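Engineer: Whatever this is, show me its structure:
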Amino acid sequence: MFCFKCGHEISNDALFCSHCGTAQNQNRLSDVAKSSENNADYSREALKIYFADLLTLECIIQKLQSSLCALKVDIETKENNNYLQSYCFSTFPRISAFAPAEGRYLYLRFDGIEIKFAAFKRSVYTESLNCAYVGGYFVWARDFLCNDIQWFSVEKSRPLFESVWLEHRFTLLSEKFVVNKQWKEACLNFYYDFQKNAPTEYQKNANEISRLKHEYDEIQKEFERAHELLEQAYNVNIVPNQFRNLYAIYYLSDFINSSNESLSTALLNYNLETIKEKLDKIIEQQQEIIINQALTIAQNEKIMKQNENQLRHLASIEQNTDRAAQYAQIASNNAEACAWIGIANYISK
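Structural biologist: Numbers count the residues shown, from 1 in each chain. Purely as a prediction, here's the structure:
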């Protein structure tokens, strides 16, 4: 069937739209209302522990995901720029009447084996500036990122590298390229300066990249472990599939901790778009607090033991065997999650 509000296709027995959260068939909702007695039988203390675990794991996953994304960008940036430097010709004379030196750069990089320079494909724009070029390429440019570039070995492509030393001159009878000694001297000084520092700086950056990759792998392992623990907690099957996300869990956790209403009531009054709009900033601000509270509990054996004993006791006196099994599973999951949170390296960083 299809959601009557947003039009997305959903399963025929769905009580809520999995896309917008809107309640569906009212007759089916009455069935949920009738079962609220059973849901109300869940111990509120058990639900508090259960939702605290879910919320903590959801926040940890979001935090680790952000860390992985930031690290990936950092690693790619360092790899693409190891070891890259730009040298500006802005203090030197005009290349020609149409091409001032201001804003012109020479780009050099070391790949661990040899020094290379950036050569930029000739275009109508560059020709209009009467740039010095060889074989369709010129060596200096205004904007490194907006040009079609290739990297050439300084030693193997010397003629192209030396094209930056040329100055395009016009006379009444002809035009010609001549060597500009000041540009040549500057260009060679740039090269020697780069040559002196490149191997050391390259290795320093390579070591940093290696460290970042190791950190990425370690965080990835913790990220995957958090997902495993969260999936394990959801498999207790107290929370329906469409409510298994950070916004819904934050809402349900807050509902259970701040009211005496049943879980069914919370589910019936849930609207994804409204909740997301209200909680977006709040969750962002509360994320570190939630994780730090979980770290404190994970390091407090007394609190952990109290939670475990409480859940075990509920399981032992529960006449409903399915519910007793759920309490026992919540206790086991809580102990496992707390033990992992206590030793995870990157959650508190």
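
Engineer: which stretch of helix or strand covers the nearest residue to residue 105 once chain neighbours are set aside?
Structural biologist: Residue nearest to residue 105 in three dimensions, not counting chain neighbours: residue 86, with 4.7 Å by C-beta to C-beta, 6 or more residues apart in numbering. Every C-beta, even on glycine, is put in place using the N, C-alpha and C of the backbone. Element membership of residue 86, judged by DSSP states H and E, is strand 84-88.

Engineer: can you check residue 150 too?
Structural biologist: Short version: residue 150 belongs to strand 149-153, going by DSSP H and E.

Engineer: what number of residues lie near residue 63?
Structural biologist: Other residues lying near residue 63 total 21 when counted by other C-beta atoms under 10 Å.

Engineer: should've said residue 178
Structural biologist: Look at residue 178: counted by other C-beta under 10 Å, it has 10 neighbours.

Engineer: hey, where'd the strands end up in the stretch 51-200 of the chain?
Structural biologist: Shown for the stretch 51-200 of the chain, the strands assigned by DSSP state E, counting those that start in this stretch span residues 84-88, 105-110, 115-121, 137-138, 149-153, 166-170, 175-179.

Engineer: got these as TSV, with distance to residue 332 columns?
Structural biologist: Below are those laid out as TSV (distance: least, C-beta to C-beta, whole Å):
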stretch	distance to residue 332
strand 84-88	52
strand 105-110	54
strand 115-121	58
strand 137-138	66
strand 149-153	57
strand 166-170	76
strand 175-179	80
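
Engineer: Relative to residue 236, which of those is closest?
Structural biologist: strand 84-88 (52.2 Å; C-beta to C-beta).

Engineer: who does that closest one pair up with?
Structural biologist: Its sheet considered, strand 84-88 pairs with strand 105-110 (antiparallel) by DSSP bridges.

Engineer: what about the partner strand, distance to the chain center?
Structural biologist: 30 Å (C-alpha atoms, centre = their mean, to the nearest Å).

Engineer: what does that strand contact?
Structural biologist: 81-89, 115-118, 139-142, 144, 149, 151, 154, 164, 187, 190-191, 194, 198-199, 201-202 (C-beta atoms under 8 Å, 6 or more residues apart in numbering).

Engineer: Tell me the buried residues within these.
Structural biologist: When these are checked for burial by 16 or more other C-beta atoms under 10 Å, the buried set is 82-85, 87, 89, 115-118, 139-141, 149, 154, 164, 187, 190-191, 194, 198, 201-202.

Engineer: to the chain's geometric centre, what's the distance from the helix or strand hosting residue 289?
Structural biologist: Using DSSP H and E, residue 289 maps to helix 272-298. Helix 272-298 sits 18 Å away from the centroid of its parent chain (C-alpha atoms, centre = their mean).
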